[in-house]
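Asks: Below are the sequence and a predicted model; questions follow.
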Amino acid sequence: GSTPCHGSDIVGYGGNTSCVSIDVPDADPILLDLGTGLRYFGRTVPTGAPFRGSCLVSHLHWDHIQGLPFFTPLLTEGAHVTMYAPTQDDGRSVEQVFTETIKPPLFPVDLAMLPGDIEFCELIDNEFVIDGGPAGDIRVMSRSIPHIGRTLGFRIEWNGASVAYLSDHQMPCDGSFAITDGAAELCRGVDLLIHDAQYTDEEFVSKCDWGHCTMGFAVWVAAEAGVGQLALFHHDPSHHDDELDELVAAATADGTARGIDVIGAREGLTITL
């Protein structure tokens, strides 16, 4: 979360910013956010036919979009990405934000110079279908959730399996546990909840309005929503592996007491539903 980082003390959990891929058999890939992890996903894409896929962008903070110009499949003619992202509250379109960001002097080339095509679709509180081809329809729900700036959470359902993604989720600044109706709707009964878990209780005291939450809050959300499994996500870049091991162990014990399976998200982790 927040910024890419590296070092021998974070190799266990990894140092890329937010990017998750959802693999539905026989369907084009679905990506959740476009952080620096996107570069590594791009290296797994088979060569040959041009890449086609969809991306659900939670919000336009830099750590969630900075991998896009390094996504090598977009360097192939005929590649196509459908990008779903939140409507901005400053009057600019999502496409305008990207074109104003990925250009000189901030980046060597303009976004329009990439050979692949990006189709921009703006959302707030929507429900829609991604065509999965032979796999059938993949249902998606987007809901506004508290963060800093317009931010979405997503719920993806296919063939009886469900995933909710709330990467950056502001908990009440007074430290109480409560969620909006939209957040509750996204999480209710999902098989897997990928949820913000950036701060310790002590860190949250001085960073209560920075747009994130504690691990304890994430476990509480999962228990309240009756999810099957919780993946703690968006780790603070200052938390090294040993510290995260301790924090995840405490959250796992809390989850077990509440009947929730809790894990710490790591780079390269694969979960099958």
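Replies: Received the coordinates, thanks.
Asks: and the residue nearest to G259 when sequence neighbours are not counted, how many neighbours does it have?
Replies: Spatial nearest neighbour of G259, excluding adjacent residues (C-beta to C-beta, 6 or more residues apart in numbering): A223 at 7.0 Å. Where C-beta positions appear, they are placed from N, C-alpha and C, glycine not excepted. Residues near A223, counting by other C-beta atoms under 10 Å, number 18.
Asks: do the same with G91
Replies: A total of 6 residues lie near G91 under the criterion other C-beta under 10 Å.
Asks: Assign it to helix, strand or coil.
Replies: Assigned by DSSP: H, G, I helix; E, B strand; the rest coil, the conformation of G91 is coil.
Asks: Would you check how far apart it and I65 are?
Replies: According to C-beta to C-beta, to the nearest Å, G91 stands 19 Å off from I65.
Asks: do the same with F154
Replies: In terms of C-beta to C-beta, F154 sits 15 Å off from I65.
Asks: which strands and helices sit next to the longest helix along the chain?
Replies: Ranked by residue count under DSSP state H, the longest helix found in the chain is helix 241-258. When contacts are defined as 3 or more C-beta pairs under 8 Å, 6 or more residues apart in numbering; DSSP states H and E, helix 241-258 packs onto helix 215-225, strand 229-233, strand 261-264.
Asks: L114: which of those is closest?
Replies: strand 229-233 (28.1 Å; C-beta to C-beta).
Asks: Between helix 215-225 and the closest one, find me the angle.
Replies: 150 degrees (axes from the mean of the first three to the mean of the last three C-alpha atoms, to 10 degrees).
Asks: if we can go back for a sec, next one: the longest helix of the chain to chain centre, how far?
Replies: Centroid separation for helix 241-258 versus its chain: 21 Å, with C-alpha atoms, centre = their mean, to the nearest Å.
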